[in-house]
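Undergrad: Build the 3D model from these lines:
(2 chains)
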Amino acid sequence: MKKTLLTSLILIASLLLYLHNDSNKPISESRFMMDTVITIKAWPPNAQNAINAGFKVFDEIEDALSFHREKSKLSILNNSFQTTKSEHLNNIIDLSLKYHEITEGYFDPSFAIINKLYGFYGNIPSQLPDKDLIKSTITQFTGLTKVLSFDKDNVYLKKGAKIDFGGIAGGYAINLASQAMINEGCQTFLIDDAGDIKVMGTKPDESEWAIAVLNPVEKSFLATAKLPSSMCISTSGNYERFVEINNKKYGHIMNPLTGFPAEEFISVSVIAKTPEEADIMSTALFAMPENLACKKAEELSIPALFLTADLRVIISAKGNDFFTRNSKL
Amino acid sequence: MQKNNLIFIITLLAISALAYYFHFASEKTTQYEIRVLAQNKTYLRPLSNRLIVKGYLGESIITWNMNDEVRIEKSPCPNQSCVKMGLCKSIPLICVPNGIIINPIAQKYDAVTGQ
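TA: From the prediction side, this is the model:
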């Protein structure tokens, strides 16, 4: 009798201990960096060290590539039209040139000069920029291959042009932060740079990574993306970053052919193996006309989900492997 | 099997079932965590359904209604995007300038992607 009682108590105690066991619980931390909120969630082992290492990388990238920090390499290039080469600057320029070609120019960091005309970097104009001014600015100062040049030690920018790596720096930082976290011995984590997300490893309960795609119109979820380990998702839209001119909102992603804000989609989500590709392709597809964006997604086998301006949802063929639409829609 | 042993086994199963219920039931209740980056602090939804937090720019007032919906009632941020979002239930509500993140927790998603 006593033996049974003792066994029972041990079993109950073990069960309660198991239920209160925190050793498998993740740590999550958010910081305001790179002009947005970045959240890193990591599971043991070495979760806190890995999170610190991840944020350190974001800080390093911000130092090198920020459009707003005066002493960043990018700011020096934008203000002096010349700077010495550096690892991060070289890497991000190489990636930008590669995807500038793949996207037929729809990914173009040199479009910062057009964003400036619309007041995205301060001083919002009371009237829309003049069409002829936009046209001549495009001709003279945009096109990445046209405005950038190099020699052995330096990068040069055409005088009057401006570069903003906002459409790729987040993805680039996620990739490096992810490597830093792995180096710290952390195997399971999620990095979320304002909707640019990378997942890594298998959670303790072995459930799939599930990422909700926001429907900004209904304030609900449009779809769920199930991601395998080490995959990334990114969403581009014009509903949060915009300027208001004459009571009309103008989004920050421009169609580089017209110089006007892209207006065919409300949001575009892309899944890719690297965060840079997800980040760039979601921006580039958003900037394209609908027919071209859908064609490009099929041509390049991109898992993509489009929410069009007239509220249609389009999922690319490859996207069906990852996205499940919310049944309420 | 002796009668006493049987009683112990039944008691054990009953306690296990209760523990299981309370453990998982607590994860299903609608709860919110409110992260305030300026303070490096996380708050939970208060019983009063009204929370005033001090962010980077000043005080934000967060309120909940009877349907568990949350909104940022007042914010010192310049474009008031977070206030304009209105009532939200299952999606995160973020005010970037004031560094406030309101997350429904125990949700079935690991993260949300949106612009």
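Undergrad: which phi and psi does residue A:224 have?
TA: When read as degrees, to the nearest 10, the backbone of residue A:224 gives phi -120, psi 130.
Undergrad: which residue is nearest the centroid of chain B?
TA: Central residue of chain B (C-alpha atoms, centre = their mean): residue B:32, 1.2 Å from the mean position.
Undergrad: quick one: the residue nearest to that one when sequence neighbours are not counted from chain A, how far?
TA: Counting by C-beta to C-beta, 6 or more residues apart in numbering or on different chains, residue B:45 is the residue found nearest to residue B:32 once chain neighbours are left out, at 4.5 Å. Backbone N, C-alpha and C define where each C-beta goes, glycine included. For residue B:45, the distance to chain A equals 17 Å [C-beta to the nearest C-beta, to the nearest Å].
Undergrad: count of residues packed around residue B:45?
TA: Here the count is done by other C-beta atoms under 10 Å in any protein chain shown, and residue B:45 has 20 residues near it.
Undergrad: helix or strand for residue A:203, which one?
TA: If you go by DSSP states H and E, residue A:203 is not part of any helix or strand.
Undergrad: before we move on, back to that, where does the residue nearest to the centre of chain B sit, in terms of helix or strand?
TA: According to DSSP H and E, residue B:32 maps onto strand B:31-36.
Undergrad: list the buried ones in that strand?
TA: By 16 or more other C-beta atoms under 10 Å in any protein chain shown, the buried positions in strand B:31-36 come out as B:32, B:33, B:34, B:35, B:36.
Undergrad: and it, which strands flank it?
TA: If you go by DSSP bridges, strand B:31-36 pairs up with strand B:41-44 (antiparallel), strand B:100-105 (antiparallel).
Undergrad: Distance from it to the middle of the chain?
TA: Chain-centre distance of strand B:31-36: 5 Å, with C-alpha atoms, centre = their mean, to the nearest Å.
Undergrad: same deal with stretch A:217-230?
TA: Counting by C-alpha atoms, centre = their mean, stretch A:217-230 comes out at 15 Å from the chain centroid.
Undergrad: just to revisit the earlier point, give me whichever of the strands paired with strand B:31-36 is most buried.
TA: strand B:100-105 (a mean of 21; mean count of other C-beta atoms under 10 Å in any protein chain shown).
Undergrad: contacts for that one?
TA: If you take C-beta atoms under 8 Å, 6 or more residues apart in numbering or on different chains as the criterion, strand B:100-105 is touched by A:30, A:37, A:39, B:30-37, B:53, B:55, B:60, B:62, B:70, B:72, B:75, B:82, B:88-95.
Undergrad: what's the answer for stretch A:303-316, then?
TA: Residues from elsewhere that reach stretch A:303-316 (C-beta under 8 Å, 6+ apart): A:213, A:215, A:217, A:222-223, A:225, A:263-272, A:281-282, A:285, A:290, A:293-294, A:297-298, A:302, A:318-319, A:321-323, A:325, A:329.
Undergrad: The residues you listed: which ones sit near chain B?
TA: Restricting those to those near chain B by C-beta under 8 Å from any C-beta of the partner chain leaves A:213, A:225, A:267, A:269.
Undergrad: Okay, and the first one sits in which element?
TA: Taking DSSP H and E as the definition, residue A:213 sits inside strand A:209-215.
Undergrad: Just the mean pLDDT for that strand, thanks.
TA: Here strand A:209-215 scores 92 as its mean pLDDT.
Undergrad: For it, which helices and strands make contact with it?
TA: strand A:196-200, strand A:220-227, strand A:232-237, strand A:265-272, strand B:111-113 (3 or more C-beta pairs under 8 Å, 6 or more residues apart in numbering or on different chains; DSSP states H and E).
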